[in-house]
Structures are given as structure tokens and as C-alpha cells.
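Enquirer: All I have is the shape, not the residue letters:
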């Protein structure tokens, strides 16, 4: 029975683990069993040969069993190292996940705090702007009110001066103006009286003419009536 020679290599990894490689070597050919030195001056019987062959077979089987045990032990070490590596990887991943989760929570808390601080600063800035705006508006309103008051005061002064000048001019020409007005009124009244008299005369003349026509008509009717009788 041929058992291939084995080679085991161990290599360290960067993350603290170990890597094992099992390499099966090429067969080294038939290994010759060690020859027993011939006994001098003695014949070997068949039983002795059989016993020697049996002993050799037992040694070979023992050697193979030892090699298999060594190979099994090495494979067990490899499996144990692989298991430890998997455990370490799992622990590392778990730890890394926990660290990442902790960092994310800390980052989220810090971000919320920064946002809260920014909002507070913006709120204060908006309040300052509103306060400044109200102050400017109040100042502008006061300036506008003062300007309007000055304009109204100047306008009132000019108006009073103009009224005084008008009153003075009216006072100076009051007598002449009254005389002119009275003369105009008298002329109007005279014209009205003349027009009324003319209208009355026209009406009286028309009435007289109508009366004469009516009398002539009646006399004509009487004459016709008398002549007929």
C-alpha cells in the first residue's frame, strides 16, 4: 500500500490569522524494504521467513498508521486554526459593526447638535435682522412724519400769507367794488323793469287787438241777423 508524502505550509495573514496549505507530493517510487543481513553459516527456515515478513508488515502498517495519525493531527490543527480564524473574523466583524454603529450614533448625535446650534444661530440672526428692520422702519417713519409736518407748516404759512394779502387787497378795493356791484345791480334791475314794461305793453296791445276783432265779429253777426229779419 502506497501512501503519498505530504507537505504542510503555514503562513501568517495580515489580520492575525494563520493560513495552512496541504500539498500532496509526487510519488517517490517503490521504496525498497531494508534488507536483513544474511546470516552466515545458518539456514533460514520458512517459518522464520514468514515471521520476519509478518514483522515487516506490522512495522509497515505501524508506520502507515503513524503517518495517518500525524496527518490527522495536522489536519485537526488546520481545522482548529481555520475555526479560530473564522471566530476571529466573526469577532472582528462584530466588533467592527459595533464600533461603526457607535460611531454612527455619535455622528448622528453630533450632527443633530450641530443642526440645533445652526438653527439657533439662524433664529438669533433673523431676530437681529427683524429688530434692525423695525428700527429702520421706525426711523424712516419718524423722518417722513417730520418732513410732512415741515411741509404742512410751510404750506400753512404760505396759505396764511396769501389769505392776508387777498384780504388786504379786498379791503383796499372794497368801496369801489361795492359801488360797481351796486351799479351793476341797478342796471340789471332797470333792464328787468324795462323788459317787464315792454312785455306788459305787448300783452295789452295784443289783448286790445283781440278785443277789437271780437267786437267786429259780433257786430258782423248782428248786422247779418238784422238784415235777414
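Expert: Cool, the structure landed. All values reported here derive from a predicted model rather than from experimental measurement. Residues are numbered from 1 along each chain as shown.
Enquirer: from here on, contacts and neighbour counts on C-alpha atoms
Expert: OK.
Enquirer: Relative to the whole chain's centre, how far out is the longest helix seen in the chain?
Expert: Counting residues, the longest helix found in the chain (DSSP state H) is helix 46-172. Here helix 46-172 is found 18 Å from its chain centre; the criterion is C-alpha atoms, centre = their mean, to the nearest Å.
Enquirer: Would you tell me what the next helix or strand after that helix is?
Expert: Once helix 46-172 ends, the next helix or strand along the chain (criterion: DSSP states H and E) is helix 174-228.
Enquirer: and that next one with helix 46-172, angle?
Expert: 80 degrees (axes from the mean of the first three to the mean of the last three C-alpha atoms, to 10 degrees).
Enquirer: from here on, count from 782
Expert: Okay, residue one is now 782; in that scheme the one you just asked about reads as helix 955-1009.
Enquirer: quick one: average pLDDT of helix 955-1009?
Expert: Helix 955-1009 carries an average pLDDT of 75.
Enquirer: Return the distance of it from the chain's centre.
Expert: Taking mean C-alpha positions (C-alpha atoms, centre = their mean), helix 955-1009 and its chain are 97 Å apart.
Enquirer: So which elements touch it?
Expert: If you count contacts as 3 or more C-alpha pairs under 8 Å, 6 or more residues apart in numbering; DSSP states H and E, helix 955-1009 packs onto no helix or strand.
Enquirer: repeat that for 10 Å
Expert: If you count contacts as 3 or more C-alpha pairs under 10 Å, 6 or more residues apart in numbering; DSSP states H and E, helix 955-1009 packs onto helix 827-953.
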